[in-house]
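Asker: All I have is the shape, not the residue letters:
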């Protein structure tokens with residue numbers, strides 16, 4: 001009589017599969033290192049970096065322009081000139097349009113994704129900073145810090161579709177669950193807002209403690225988890241997008257200004273400029289996370305984007321001179337950029 005092989009219990013199989021996936025993720029993350037620097041002409045300031053992995057383009061804000069790099073070659077594919085303090089780019093690929101937030105005192109430039117030519121410009125609130133495209137509503141959303149509001153732009157027409165006014169604090173980064181809600185960090189209030197972007201109203205206000213000065217943000221939509229880089233506390237925090245409960249925290253470096261989640265690998269990346277590091281965490285489960293690597297980058301490299309095709313991370317930064325004493329013209333005492341040092345750092349395996 002032929003004996004049938006003993007079947008492994010389903011929960012053991014599931015556990016082994018999770019362990020195998022975790023091992024692969026750790027091995028991949030553990031291999032990250034600085035590969036090269038891509039020099040970019042100009043000595044102005046910078047802000048967000050955005051990757052369009054399908055079109056193979058990287059959008060790097062650099063003072064009064066967005067520099068567009070070819071993700072495969074690193075060559076400059078073009079530039080988009082605009083007003084002062086160009087912040088970030090969001091792509092609505094189904095409409096072949098890109099959108100750039102800029103403080104002049106507050107507008108969004110619309111451009112053609114293929115030619116990079118300017119299509120138009122729409123006035124939003126003062127000092128728009130964070131900008132995202134939401135596939136569910138097919139709208140662009142901007143966090144208007146100066147006006148303390150959220151603005152929605154119809155991606156097809158380029159017209160303002162609505163606003164949420166009087167948010168009462170410094171609006172910072174934002175993320176969408178692609179189901180009718182946008183989550184918005186209120187940096188000076190240590191809170192996060194859950195917004196109904198169909199009816200334009202605030203649904204919830206959640207305290208983020210012990211996370212202070214919540215800044216960068218991304219989201220695992222499948223598991224309803226929000227990932228936040230906390231600038232004041234030097235902390236990585238995870239919030240439940242249904243309840244607002246903080247389910248995990250971990251210390252990171254200072255000056256965080258970017259966070260991205262890659263659902264294919266379960267890796268979360270955070271860039272901290274004060275210590276010049278890229279922090280990589282792995283999502284073991286919706287409430288369990290582990291730091292798998294801290295990659296040295298460069299002091300000041302606080303913004304970044306992840307190429308979902310290659311897994312490479314692109315950080316913007318420059319070498320800085322000595323920090324001056326605060327003055328009325330420069331109240332924060334920002335250190336000057338050393339000429340000829342602005343570049344994009346490429347971190348990969």
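Answerer: Right, received. Where do you want to start? Note that the coordinates shown come from a computational prediction; the quantities given were computed from them, not determined experimentally.
Asker: so what's the nearest residue to residue 308 once chain neighbours are set aside up against?
Answerer: Excluding its sequence neighbours, the residue lying closest to residue 308 (Cβ to Cβ, 6 or more residues apart in numbering) is residue 53, at 4.4 Å. The way it works is simple: take the backbone N, C-alpha and C, and place the C-beta from them, glycine included. Shown in contact with residue 53 (Cβ atoms under 8 Å, 6 or more residues apart in numbering): 71, 307-309.
Asker: cool, and residue 125?
Answerer: Contacts of residue 125 were listed using Cβ under 8 Å, 6+ apart, and they are 106, 142, 144, 146-149, 151, 163.
Asker: Distance of it relative to residue 158?
Answerer: Computed as Cβ to Cβ, to the nearest Å, the residue 125 to residue 158 distance reads 16 Å.
Asker: repeat for residue 195
Answerer: Distance from residue 195 to residue 158, by Cβ to Cβ: 22 Å.
Asker: where along the stretch 1-150 of the chain do the strands fall?
Answerer: 33-39, 46-52, 57-62, 65-70, 76-81, 86-92, 97-102, 107-112, 118-123, 128-134, 139-144, 149-154 (DSSP state E, counting those that start in this stretch).
Asker: Tell me which of those sits most buried.
Answerer: Most buried of those, by mean neighbour count (mean count of other Cβ atoms under 10 Å): strand 139-144, with a mean of 28.
Asker: ok so, going back, narrow the contacts of residue 53 to those that are buried.
Answerer: For the contacts of residue 53, a burial check counting by 16 or more other Cβ atoms under 10 Å picks out 71, 307-308.
Asker: Hmm, residue 222 is touching residue 263, no?
Answerer: Yes - at 6.7 Å, residue 222 counts as touching residue 263 under the criterion of Cβ atoms under 8 Å.
Asker: who has more neighbours, those two?
Answerer: Using other Cβ atoms under 10 Å as the criterion, residue 222 and residue 263 rank with residue 263 on top: 13 against 8.
Asker: What separation do you get for the more buried one and residue 126?
Answerer: 34 Å.
Asker: Now do residue 83, the pLDDT please.
Answerer: Per-residue confidence (pLDDT) for residue 83: 81.
Asker: what about it, how many neighbours?
Answerer: Residue 83 has 16 nearby residues by other Cβ under 10 Å.
Asker: re earlier: residue 80: which of the contacts of residue 125 is nearest?
Answerer: residue 142 (16.8 Å; Cβ to Cβ).
Asker: Spit out the contact partners of the closest one.
Answerer: So residue 142 contacts 101, 108, 124-125, 128-131, 150-151, 153 (Cβ under 8 Å, 6+ apart).
Asker: Go again with 7 Å.
Answerer: Going by Cβ atoms under 7 Å, 6 or more residues apart in numbering, residue 142 touches 101, 108, 124, 128, 130-131, 151.
Asker: again with residue 257
Answerer: Residue 257 is in contact with 215-216, 271, 273, 302-303, counting by Cβ under 7 Å, 6+ apart.
Asker: Over to residue 279?
Answerer: For residue 279, the contacting residues are 236, 252, 270, 272, 291, 294, by Cβ under 7 Å, 6+ apart.
Asker: Just among these, which is most surrounded?
Answerer: Neighbour tally across those (other Cβ under 10 Å): the maximum, 29 neighbours, falls on residue 270.
Asker: quick one: what helix or strand has that one in it?
Answerer: Assigned by DSSP states H and E, residue 270 belongs to strand 267-272.
Asker: Check the offset of that strand from the chain's centre.
Answerer: Centroid separation between strand 267-272 and its chain, computed with Cα atoms, centre = their mean, to the nearest Å, is 9 Å.
Asker: what packs against that strand?
Answerer: strand 256-262, strand 277-285, strand 303-306 (3 or more Cβ pairs under 7 Å, 6 or more residues apart in numbering; DSSP states H and E).
Asker: So which of the ones you listed is the most surrounded?
Answerer: Per residue and on average, the most neighbours among the helices and strands packed on strand 267-272 fall to strand 303-306, with a mean of 25 (mean count of other Cβ under 10 Å).
Asker: List the strands paired with the following helix or strand past that strand, with their directions.
Answerer: Using DSSP H and E, the helix or strand that follows strand 303-306 in sequence is strand 313-317. Sheet pairing of strand 313-317 (DSSP bridges) gives strand 303-306 (antiparallel), strand 343-348 (antiparallel).
Asker: the inter-axis angle of strand 313-317 versus strand 33-39?
Answerer: With axes from the mean of the first three to the mean of the last three Cα atoms, to 10 degrees defining the directions, strand 313-317 sits at 50 degrees from strand 33-39.
Asker: distance between strand 313-317 and the chain's centre?
Answerer: Here the centre of strand 313-317 is set off from its chain's centre by 12 Å, with Cα atoms, centre = their mean.
Asker: what does stretch 244-256 give?
Answerer: Using Cα atoms, centre = their mean, the distance between the centre of stretch 244-256 and that of its chain works out at 15 Å.
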